[in-house]
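Chemist: Test case, fold it:
(one chain, ligands or ions: 3)
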Amino acid sequence: MVDKNKIVQNFNKRLEEKGYKGKIVSAKHIPELRQDVRKHHEAKLLDPEFYKEYISYFEFKPDVDFTEINSLFIISVPQPQYEAIFHRNNKKISLFIPPTYLYGHKLIDQMIEFLSEILKPEGYNIAYASLPQKTLAVRSGLAEYGRNNITYVPGTGSFHRLTTLYSDFPTKEDNWQELQMMDMCKECSACTRKCPTGAIPTDRFLLRAERCITYHNEHPPEIPFPQSINPTWHNCLVGCLHCQKVCPANKKVINWTEPGPEFSEEETKLILNGQNLDQLPMETKKKIEQYDLVDYYEVLPRNLGPFFKT
Ligand code: B12
Ligand code: SF4
Ligand code: SF4
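Modeler: Ligands and ions are numbered 1, 2, ... in the order given. Have a look, this model is predicted:
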């Protein structure tokens with residue numbers, strides 16, 4: 001007979017050893033998780049185009065190769081911002097890449113390995129879960145929402161990456177609570193004032209995602225930036241850090257920067273020209289793969305545009 005408490009204890013112990021944070025939630029809450037997002041869609045508070053684009057996350061259908069999903073494991077791993085460097089006309093241009101963009105796939109593989117080592121020897125299975133992770137993180141008590149709609153974890157602020165895994169582990173432990181906003185936000189509106197696009201509203205909590213710079217700079221490369229976005233507002237290679245940089249809850253982590261990829265004049269030129277990833281020199285392609293930047297490679301020519309015009 002497997003001692004389920006021991007498994008939970010082992011999970012908590014290993015999280016601590018690694019400097020991660022995590023929670024276990026019973027799978028019975030899956031319909032509530034879906035409803036947490038759907039109710040805003042039904043109330044017509046989410047932009048229809050935006051909702052359609054991300055529907056697979058919102059109306060997620062678990063797809064696993066074991067018989068029964070009994071629990072969800074959500075893990076938060078601290079992650080820094082990175083500095084990418086480009087060379088152009090003998091000038092060095094440095095651009096930030098916010099947390100969560102680099103090493104995405106590597107971190108998912110690490111989380112699968114981390115949890116497999118705990119659950120597999122006891123006969124339980126796991127599978128990667130694609131669902132609304134911020135809602136789950138806050139519902140589980142792992143994180144709290146900032147007014148900017150980003151989730152914050154004690155110690156690492158918003159500088160962390162979330163990963164969720166389904167399991168057939170029949171948890172007794174169940175973490176489920178009301179959605180919480182950080183106490184600090186009650187007396188603060190720095191992010192609302194700093195956001196140049198008005199995406200963080202003053203009349204409601206829910207982000208106006210369709211206005212967020214990130215929404216536009218993650219879009220496929222053939223979609224140009226809308227006229228409403230002033231080119232001087234761009235501040236990252238992909239994503240946007242305005243509302244995280246100004247946040248007092250990020251005071252301890254805001255200067256946590258690691259080196260990202262550096263591209264020579266020749267490489268920068270090829271990237272700007274939209275050279276196909278497979279036609280790049282082997283060394284350049286390897287660099288992009290090494291940093292796990294492949295998923296964002298396509299958006300680079302458009303996103304670099306505003307930084308090279310001046
Ligand atoms: C769609 C999406 C986007 C969209 C929309 C963002 C959004 N706020 O919805 C766009 C492209 C704009 C985007 C931007 C960013 N994203 Co994004 N995104 C996602 C994705 C795919 C789904 C998120 C989602 O469920 N949105 C739907 C909305 C409705 O959910 P929600 O934001 O949690 O909203 C809840 C609250 O508003 C709450 N609520 C409503 N009223 C009230 C009132 C109160 C008082 C309270 C407390 C709560 C509350 O109810 C809502 C539903 O539960 C996830 C990946 C995933 N698997 O989860 C990544 C993800 C959430 N994104 C992430 C990141 C890093 C970002 C950016 C920070 C990227 C960057 N710029 O560097 C920005 C942040 C923009 C912002 N201010 O929110 C991370 C989260 C990291 C973190 N620390 O929280 C995720 C998990 C990706 C990852 N694996 O790392 N993203
Ligand atoms: S800037 Fe202020 S209001 Fe915005 S998330 Fe941070 S603490 Fe909350
Ligand atoms: S990521 Fe940028 S555009 Fe989006 S809400 Fe934050 S500050 Fe505004």
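
Chemist: for whichever strand or helix holds L115, packing partners?
Modeler: Using DSSP states H and E, L115 sits in helix 104-119. Here helix 104-119 touches helix 4-18, strand 71-78, strand 126-128, strand 160-167, going by 3 or more C-beta pairs under 8 Å, 6 or more residues apart in numbering; DSSP states H and E. The C-beta positions use only the backbone N, C-alpha and C, and glycine is treated the same way.

Chemist: Take these and lay them out in JSON lines including mean neighbour count.
Modeler: Shown next, in JSON lines, are the helices and strands packed on helix 104-119 (neighbours: other C-beta atoms under 10 Å):
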{"stretch": "helix 4-18", "mean neighbour count": "14"}
{"stretch": "strand 71-78", "mean neighbour count": "23"}
{"stretch": "strand 126-128", "mean neighbour count": "17"}
{"stretch": "strand 160-167", "mean neighbour count": "22"}
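
Chemist: so which of these comes closest to E178?
Modeler: For the helices and strands packed on helix 104-119, proximity to E178 was assessed by C-beta to C-beta; strand 71-78 is nearest, at 16.8 Å.

Chemist: With just CA atoms, put that closest one into PDB.
Modeler: Extracted in PDB, the C-alpha atoms of strand 71-78 (Å, rounded to 0.1, in the frame of the first residue of the first chain):
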ATOM      1  CA  SER A  71      -5.000  15.800  -9.400                       C
ATOM      2  CA  LEU A  72      -3.200  18.900 -10.800                       C
ATOM      3  CA  PHE A  73       0.400  19.700  -9.700                       C
ATOM      4  CA  ILE A  74       1.300  23.400 -10.200                       C
ATOM      5  CA  ILE A  75       4.900  24.400  -9.800                       C
ATOM      6  CA  SER A  76       6.600  27.900  -9.900                       C
ATOM      7  CA  VAL A  77      10.200  28.200 -10.700                       C
ATOM      8  CA  PRO A  78      12.100  31.500 -10.300                       C
END
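
Chemist: Okay, now the sheet partners of that strand, with direction.
Modeler: Strand pairing for strand 71-78, using DSSP bridges, gives strand 21-26 (antiparallel), strand 160-167 (antiparallel).

Chemist: is ligand 1 contacted by that strand?
Modeler: No: against ligand 1, strand 71-78 shows no contacts by C-beta under 6 Å from any ligand atom, the least distance being 8.0 Å.

Chemist: ok, back up a step: tabulate the helices and strands packed on helix 104-119 (CSV), appending mean pLDDT.
Modeler: Converted to CSV, the helices and strands packed on helix 104-119 look like this (pLDDT from 0 to 100):
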stretch, mean pLDDT
helix 4-18, 95
strand 71-78, 98
strand 126-128, 98
strand 160-167, 98
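
Chemist: So which of these is nearest R211?
Modeler: strand 160-167 (23.2 Å).

Chemist: between that closest one and helix 104-119, how big is the angle?
Modeler: In terms of direction (axes from the mean of the first three to the mean of the last three C-alpha atoms, to 10 degrees), strand 160-167 departs from helix 104-119 by 50 degrees.

Chemist: How about the helix or strand following strand 160-167 and ligand 2, any contact?
Modeler: Later in the chain than strand 160-167, the nearest helix or strand by DSSP H and E is helix 190-194. Yes: using C-beta under 6 Å from any ligand atom, we find that helix 190-194 touches ligand 2 at 190-191.

Chemist: List the buried residues in helix 190-194.
Modeler: For helix 190-194, the neighbour count (16 or more other C-beta atoms under 10 Å) marks 190-192 as buried.

Chemist: The most centrally placed residue in the chain: what's its closest spatial neighbour, skipping adjacent residues?
Modeler: The centroid of the chain falls nearest to T100 when counting by C-alpha atoms, centre = their mean (4.9 Å). Residue nearest to T100 in three dimensions, not counting chain neighbours: R161, with 4.9 Å by C-beta to C-beta, 6 or more residues apart in numbering.

Chemist: surely the one you found meets V77?
Modeler: Yes: counting by C-beta atoms under 8 Å, R161 touches V77, with 5.2 Å between them.

Chemist: Find the residues that touch each one of those two.
Modeler: L107 (C-beta atoms under 8 Å, 6 or more residues apart in numbering).

Chemist: which bits of the stretch 51-200 of the chain sit near ligand 2?
Modeler: So far as C-beta under 6 Å from any ligand atom goes, the stretch 51-200 of the chain lies against ligand 2 at 146-148, 182, 184-185, 188-191.

Chemist: Also near ligand 3: which of those, exactly?
Modeler: Answer for those near ligand 3 (C-beta under 6 Å from any ligand atom): N148.
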